[in-house]
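J.: just need the structure, nothing else, for what follows:
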Amino acid sequence: MIYAETSQGAAFTFDLARYADTVHRLVEDRPEELVQYATFDHQLKDPLNVGACVRPSDRIVIIEGLYTLLNRPGWEACAEQMDIRVWIEVDEIVAHRRVVARNLEAGICDTLEACTRRGEYNE
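T.: Residues are numbered from 1 along each chain as shown. The predicted structure is shown next:
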């Protein structure tokens, strides 16, 4: 089982063409070699072009991210290729706490207060 996190910033900050190509390669082509994909590292604050890979022997691939089910051109086409789509509701307060903790741990902000403000206005 592979867990692929795609979350980072706003939808327009993603390389949608690259994401779509990766999804297509995983779903349609059933590759016989490694499929490398980009991930995002909150501490580096940048995508990693080759963050991880899916092996031919991997039977289940879970793609998680803010925009994987986004109802917009390009994103919709990727979502439609998934065998199963799951939307998980998270309480807004719980989500906010998680974002604040993640930003503090990653060093995006120096203080809890700064991370809290960022979470309220930016995330």
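
J.: quick check: Glu80 vs Ala11, distance?
T.: Using CB to CB, to the nearest Å, Glu80 is found at 17 Å from Ala11. (C-beta placed from N, C-alpha, C; glycine too.)

J.: no wait, Val94
T.: Val94 is 22 Å from Ala11, by CB to CB.

J.: who has more neighbours, the two?
T.: More neighbours surround Ala11 than the other of Val94 and Ala11, with 14 against 9 (other CB atoms under 10 Å).

J.: look at that one and report its pLDDT.
T.: We note a pLDDT of 76 for Ala11 in this prediction.

J.: name the nearest residue to it, ignoring sequence neighbours.
T.: Nearest non-adjacent residue to Ala11, counting by CB to CB, 6 or more residues apart in numbering: Tyr67, 4.7 Å away.

J.: isn't the one you found up against Gly74?
T.: No: counting by CB atoms under 8 Å, Tyr67 does not reach Gly74; the two are 9.6 Å apart.

J.: so for the two, which sits in the more crowded spot?
T.: Tyr67 (22 against 15).

J.: spell out the secondary structure type for Asn71.
T.: coil (DSSP: H, G, I helix; E, B strand; the rest coil).

J.: how many residues are close by it?
T.: Neighbours of Asn71 using other CB under 10 Å come to 8.

J.: and what of Ala77?
T.: 13.

J.: hmm, it is touching Ala20, no?
T.: Yes: using CB under 8 Å, Ala77 makes contact with Ala20 at a distance of 6.7 Å.

J.: what mean pLDDT does stretch 18-29 get?
T.: According to the model, stretch 18-29 has a mean pLDDT of 84.
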